Structure formats: structure tokens, C-alpha cells
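Asker: What follows is a predicted structure for the sequence shown.
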Amino acid sequence: MRRGMLACAAVAVLLLAGCGSDEGGAVAVAPSPTGPVPGASCPGMASGVGAKPVHFGVDGATNLAGLIGGKGTTGVVLAHQAEADLCQWILGFNELIDKGYRVLAFDFHGHGSSESSEVGFDEDVVAAAATLRADGATSIVLVGASMGGTFSIAATPKITPPVAGVVSVSAPLAYGGVSAQQETPKISVPALFLANQDDGLFGDAAKEFKAAATASPDAQVLVTSGAIHGVPLVIEGGDAKLRAAYFAFLAKNAPA
């Protein structure tokens, strides 16, 4: 996806400049020190914040790789967008840790240091939430950009105990065989949908998600002018209005 490549390139520029629980029933958490090193291409993501590598997966697998940082009991799962890996979230990862959150950024299967899998990408998010909960987070918010937003939305109704909320940034209605639009009416927790209006169809998609989130007790949408896509909107130096809405949502539904 060309937009995904442009968004990844934008984040790369920023980097150079600045640089047990029961989750969905089928998930078995098995953090492991073995396997490919997550975040190997962005070592600054772990420096200074004490981040540790974890390997986990669905049904006892350890094919997924991620980094956990922070010591708080309120957790945030960061899901990357297409043609990227967890390094895309380096600025957001460190900022959230500085604010007192326990954070897990991970590679979707077949991306970065994560191996391939036949399960749905939304199941990766379910497994990530279980891993973060097992690490000490008692309250969790899912945050995903572009395809990561799609998969986070679709994963939300599957997670038990329920997450505290879900935030999608520039998410398409469906991606990689997963329909977030179909799952949105099942979301029963607070939800925030963010996008730029002139970023293809993503601004309209954010509004459609909001309209479909009929079971959410607090569904919000904010679409601002511009054509920036995904992660760059909510990390340091991003869209001021969207960042304000993002951190206000966290403060209200999952304070650190």
C-alpha cells in the first residue's frame, strides 16, 4: 500500500531526526527469550526504558515477537501499520512509558521478527493483550495504526476480561481478510476513531466506525484536515488536535 509506505517513510525520518489471564479463551501466553530479537533494527526503542523482549502467540505458540517497557499497571498495546514493524512506534512507545504506562509494541505475524502464522491478524492482538496482562497490566487499551487499527478494532470484542478501550488511527474498514466494520457493533468498551479527512477513504472510514459502534458506552470520532496517514498523526510532532484527543481518551478511560 503506497500510503503505508509513505507513512513508514515519514516515521523513519522522525527516527533519524530523534535518533495468567484469559484473553479470548484460545490464547496461551508463553513469553520466551528465544527466537528472533524484536526491535533489533531500532535498539533505541529499548534503551533507557528497560524494555524487554517477549515471544508469544496463540495456543501456546511463540511465533510473535514484541518489546514490553514500563512498570505501570495500566497497559497499552501498540499495533503497527502495513509494510512496517514495531520500530514504527518508537516515539509513541517511549512517550507512553514516560507517562507511566506499561507498553507492548509487537510485530504482526510475517512482519519484523515475528514468524508466519495461519491465524487471523486480529488474533495477534488478542495474544498481545494477554501477554501484557500477564506481565502486570490490570487495565489495557489497544492502539493501532492503519491495518493495526483494523485488527485492534476486530480483536476488541474477543478479549476477556474486556480491555478498557480501543483507539484506531487511519484504520481501513477491512484489511488482510479481517473486517473491522463487521465487528464494530460488538464493541462494548470506549472507542476512539482518528484520521485526517484528505487521507484517501480513511477519514470517511473513521466516521463509519463511529456510527457502527452502537454498543460502545463512549464512541468518539475526530477527523481533522490534512492527508497524513497513521502513526505520524499521534506521535510527538503529530496532529495537535488528534494527539490531544488521544491522550484525553487514555486519561479518561485508562489513567496511568
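Answerer: Cool, the structure landed.
Asker: low pLDDT regions in the stretch 51-200 of the chain?
Answerer: Flagging of the stretch 51-200 of the chain using pLDDT under 70 yields an empty set of residue ranges.
Asker: Run through the strands of it in chain order.
Answerer: For the stretch 51-200 of the chain, the strands defined by DSSP state E, counting those that start in this stretch occupy 52-56, 64-69, 74-79, 102-106, 139-145, 165-169, 174-175, 178-179, 191-196.
Asker: what's the fifth one packed up against?
Answerer: Taking 3 or more C-beta pairs under 8 Å, 6 or more residues apart in numbering; DSSP states H and E as contact, the helices and strands that strand 139-145 lies on are strand 74-79, helix 121-134, helix 147-155, strand 165-169, helix 240-253. Glycine gets a C-beta too; all of them are placed from N, C-alpha and C.
Asker: tell me the average confidence for the last one?
Answerer: The average of the pLDDT scores along helix 240-253 is 98.
Asker: Give me the buried positions along it.
Answerer: L242, R243, A245, Y246, F249, L250, N253 (16 or more other C-beta atoms under 10 Å).
Asker: Could you check the angle that helix makes with strand 165-169?
Answerer: 170 degrees (axes from the mean of the first three to the mean of the last three C-alpha atoms, to 10 degrees).
Asker: The third one too?
Answerer: Helix 147-155 and strand 165-169 meet at an angle of 150 degrees, taking the same axes, to 10 degrees as the criterion.
Asker: chain center to helix 147-155, what's the gap?
Answerer: Relative to its chain's centre, helix 147-155 lies at 8 Å (C-alpha atoms, centre = their mean, to the nearest Å).
Asker: How about the first one?
Answerer: Computed by C-alpha atoms, centre = their mean, the chain-centroid distance of strand 74-79 equals 6 Å.
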